[in-house]
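S.K.: Structure for the following, please:
(one chain, ligands or ions: 1)
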Amino acid sequence: MIPLNNQVYSVIWHNDAVSLIDQTRLPHEYALVEIHRSEDMARAIKTMIVRGAPAIGIAAAYGIYLGAREINTSDRELFLERLEAVAAMLKATRPTAVNLFWAISRMMKVAYETLGSVEDIRQALFKTAQDLQIEDLQTCQAIGDNGLKVLPSNPEKLTLLTHCNAGALATAGYGTALGVVRSAWREGRLNRLFADETRPRLQGAKLTAWECVQEGIPVTVITDNMAAHCMQQGLIDAVVVGADRIAANGDAANKIGTYSLAIVAQAHHIPFYVAAPISTIDFDLTNGSQIPIEERDPTEIYQVGTTQLTPNGVDYYNPAFDVTTANLITGIITERGVFSPSELITLKEAQTV
Ligand code: MRU
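M.R.: Residues are numbered from 1 along each chain as shown. Down below sits the predicted model:
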């Protein structure tokens, strides 16, 4: 089965359940996983069946609704107490992407503020999860179009470089960084996308490349350590990446390897853009050193399929994200426009929780 009309939706409400594209099986197999219970949603986020900051926020929002359906009481206080436990379970899945916590907070606020019966709260939660999804899709399209306006005007057809997957799979659809690439492609301004493979989980090689193939976007996959060479060869006009959490000063956490990419981009005077919704900004954090960095299982480093790459007896360190400091970022592309890192704070009022 292939996605309908080349549109990719990572999370869909269908047949009274949530359908997730199983991103651990792409690119070889396009399979949907049906999620009926909040506990299974937590597992799907943790195991990265669904991944990418906005997508896990939307998945968690539906997880809260699924949890609300499982709570068998008409007592409002007891219901809210149990819903808090569901929220805690979902929050414990992945620590770095703030969209997860932002979406859960928004759902819980609705739960507390909805007057009426427990069933009224359930209905309000369902509507909020759907609203979040629709808003994210519109947000990504705006990010794509805003990004296109600030990309270099020369050459006419640009070669862009991205890292990890910040595409439709990582959002409600269209993507953030890949949204900018999509908009450039649709407006005839894209020559080609270079996609870092993104060790260790290979989201670039597997997911970004897959999305490009679906849409006919010319894509060249390189290993992460080839990016500097490509820049030195004059192959790259601009870099566009996503983000999992941006501190108030503009420091941005994204997939491990983004920081080194930003350093080499600066060394080659190549613009480096971060594309993210305003919900990815954590105004509670003054700088990036306060962003919690997820550490994942070392098997991701040393095992490919069932084959172990390394000798026994070595140690591993597997941080899933790094922080690109604000001084390396040319601009942050949001649904409200493009901002220098120091201007981000002006967006605080625009953030809805
Ligand atoms: O570990 P992942 O695959 O969830 O990491 C994803 C990224 O780092 C993305 O670049 C980020 O979430 C932005 S998605 C629009």
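
S.K.: Stretch 200-211 and the ligand, any residue contact?
M.R.: Yes: Stretch 200-211 comes into contact with the ligand (Cβ under 6 Å from any ligand atom), by way of residue 203. C-betas here are computed from N, CA, C, even on glycine.

S.K.: Kindly state the beta-bridge partners for the residue lying closest to residue 149 once chain neighbours are set aside.
M.R.: Nearest residue to residue 149, sequence neighbours excluded (Cβ to Cβ, 6 or more residues apart in numbering): residue 338, at 7.3 Å. With DSSP bridges applied, residue 338 shows beta-bridge pairing to residue 333.

S.K.: Let me know whether residue 338 touches residue 329 as I believe.
M.R.: No: the criterion here is Cβ atoms under 8 Å, and residue 338 misses it with residue 329 at 10.9 Å.

S.K.: Looking at the two, which one has more neighbours?
M.R.: Each of residue 338 and residue 329 has its neighbours counted (other Cβ atoms under 10 Å); residue 329 has more, 24 against 17.

S.K.: Let me see the contact set for the more buried one.
M.R.: Contacts for residue 329 (Cβ atoms under 8 Å, 6 or more residues apart in numbering) come out as 250, 252, 262, 272, 273, 274, 341.

S.K.: Got the phi and psi for the one residue in the stretch 201-350 of the chain that gets nearest to the ligand?
M.R.: In the stretch 201-350 of the chain, the residue that lies nearest the ligand is residue 242 (2.8 Å; Cβ to the nearest ligand atom). Main-chain dihedrals, residue 242, degrees, to the nearest 10: phi -90, psi -170.

S.K.: what number of residues lie near residue 306?
M.R.: 5.

S.K.: what comes into contact with stretch 303-322?
M.R.: 96, 200, 244, 253-260, 291, 293-298, 300-302.

S.K.: and the end-to-end length of that stretch?
M.R.: Terminal residues of stretch 303-322 lie 22 Å apart, using Cα to Cα, to the nearest Å.

S.K.: Over to stretch 286-303?
M.R.: From its first residue to its last, stretch 286-303 covers 37 Å (Cα to Cα).

S.K.: and that stretch, how far out from the chain's middle?
M.R.: From the chain centre to the centre of stretch 286-303 is a distance of 15 Å (Cα atoms, centre = their mean, to the nearest Å).

S.K.: same question, stretch 218-230
M.R.: That offset, for stretch 218-230, works out to 21 Å (Cα atoms, centre = their mean).

S.K.: thought residue 268 was touching residue 231?
M.R.: Yes: using Cβ under 8 Å, residue 268 is in contact with residue 231, at 4.2 Å.

S.K.: Show me which of these two is the more surrounded one.
M.R.: Taking other Cβ under 10 Å, residue 268 and residue 231 do not tie; residue 231 has more neighbours (21 against 17).

S.K.: residues of stretch 301-310 that come out buried?
M.R.: Within stretch 301-310, the residues that count as buried by 16 or more other Cβ atoms under 10 Å are 301, 302.

S.K.: next one: it to chain centre, how far?
M.R.: The answer for stretch 301-310 is 26 Å, by Cα atoms, centre = their mean.

S.K.: One more: stretch 330-347?
M.R.: 18 Å.

S.K.: still on that earlier bit, compare the contacts of residue 329 and tell me which has the most neighbours.
M.R.: residue 252 (32 neighbours).
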